[in-house]
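S.K.: need a structure here:
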Amino acid sequence: MLSQEIFQRYELKYLLPYNKYQQLVNVLSSNYKMRYDKYGDDVGRYNIVSLYFDSDDDKIYYETRNKLNFRQKLRLRIYDQATIDSPAFFEIKQKFNNVVNKRRTSLQLSSAYDYLKNVPSNEDIKNYHTSNPQTMSEVESFRSLYGLKPRIIVSYDRQAFHGIEDSDLRITFDYNLMARHHNLRIEDGPEGTHFVDSDLVVMEVKVSQSVPFWLARLLSDFECSRGSLSKFCTSIDLMEDMKRNPDKTRTPSMII
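M.R.: Prediction:
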């Protein structure tokens, strides 16, 4: 899935019941202002598996959990039925004063694993065939500064829409959200423990400036309330709870 590599936008998050998600999709799919994501199937759906990184003292977790004005994450991401020979994407995601900046670079998944195993110097980074060598250098600088290591895998199914007239407008619906920490090979696909109830869907509205009036009215009509949530923190909270209480019965939920 080769797409835009540099983003700057606002991301507004909502937690919806599954039936409300279906109703919204019916409206958006018949709306002349939106189209299905061209990188998905015929209705804009695809699967995402991401390996997130953190330091031994959980710097990234606490930056996010404490909602610092500036916070950032590093992840390695694949799409759909990827193999060791498929493209993978290193992504640096930063948030400052509610504005999200994301930079990504693609390389073969086997090369990504080689990089993580051998921990090369910044000079050796040039030997990796990436779509954006500058971003790859930033990945290494971030990784080495924080002492980042593979931490957790988060996976989910997504249905996405793009604006027709407003190309910067994007709406995504994520469901079947799972996490695992026992197997950090992302090519093994979506597998783990659900950290969001199957009747809930995470919706994100992504805009470069402001939400269009027609969409704001639609969200109001459907009584969609914004929430502050983190897939990364919530999945880690669940994994840590499982370590402490392996026999505990859990009901998946999302912290808002």
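
S.K.: centroid residue for this structure?
M.R.: When the chain is reduced to its mean C-alpha position, the closest residue under Cα atoms, centre = their mean turns out to be S50, at 7.0 Å.

S.K.: what about V201, neighbour count?
M.R.: Per other Cβ atoms under 10 Å, the neighbour tally for V201 reads 28. Quick note: C-beta positions are derived from backbone N, CA and C, even for glycine.

S.K.: State the pLDDT value of it.
M.R.: At V201 the predicted local distance difference test score is 96.

S.K.: which helices and strands does the helix or strand hosting R35 pack with?
M.R.: If you go by DSSP states H and E, R35 is part of strand 34-36. In this structure, strand 34-36 packs against strand 149-163, with contacts taken as 3 or more Cβ pairs under 8 Å, 6 or more residues apart in numbering; DSSP states H and E.

S.K.: Okay, now the unreliable bits of the stretch 1-150 of the chain?
M.R.: Low-confidence segments of the stretch 1-150 of the chain, defined by pLDDT under 70: 1-3, 119-123.

S.K.: Just the strands from it, written as ranges.
M.R.: When assigned using DSSP state E, counting those that start in this stretch, the strands of the stretch 1-150 of the chain occupy the ranges 6-17, 34-36, 45-54, 70-79, 87-96, 99-108, 149-163.

S.K.: How far off centre is the longest one?
M.R.: Mean C-alpha position of strand 149-163 versus that of the full chain (Cα atoms, centre = their mean, to the nearest Å) differs by 4 Å.

S.K.: And the average pLDDT for the following helix or strand past that strand is what?
M.R.: For strand 149-163, the succeeding helix or strand toward the C-terminus, using DSSP H and E, is strand 170-180. Computed over strand 170-180, the mean pLDDT rounds to 97.

S.K.: And strand 170-180, what does it pack against?
M.R.: Using 3+ Cβ pairs under 8 Å, 6+ apart as the contact criterion, the secondary-structure elements in contact with strand 170-180 are helix 18-29, strand 149-163, strand 193-194, strand 200-207, helix 231-244.

S.K.: sorry, back to before: redo the strands of the stretch 1-150 of the chain as a markdown table? Include distance to E204.
M.R.: Output for these, formatted as a markdown table (distance: least, Cβ to Cβ, whole Å):
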| stretch | distance to E204 |
| --- | --- |
| strand 6-17 | 5 |
| strand 34-36 | 14 |
| strand 45-54 | 12 |
| strand 70-79 | 15 |
| strand 87-96 | 13 |
| strand 99-108 | 10 |
| strand 149-163 | 9 |
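
S.K.: Now do the strand or helix carrying R217, average pLDDT.
M.R.: Assigned by DSSP H and E, R217 falls within helix 213-221. Here helix 213-221 scores 96 as its mean pLDDT.

S.K.: So which residues make contact with stretch 108-117?
M.R.: Contacts with stretch 108-117, where a contact means Cβ atoms under 8 Å, 6 or more residues apart in numbering, come from 76, 78, 82-88, 90, 107, 125, 128-129, 150, 186-187.

S.K.: Over to stretch 218-231?
M.R.: Applying Cβ under 8 Å, 6+ apart, the contact partners of stretch 218-231 are 12-16, 20, 23-24, 27, 64-65, 67, 154, 156, 174, 177, 195, 202-203, 205, 211, 254-256.

S.K.: quick revisit: nearest to R45, of the helices and strands packed on strand 170-180?
M.R.: Checking the helices and strands packed on strand 170-180 against R45 by Cβ to Cβ gives strand 149-163 as the closest, at 4.8 Å.
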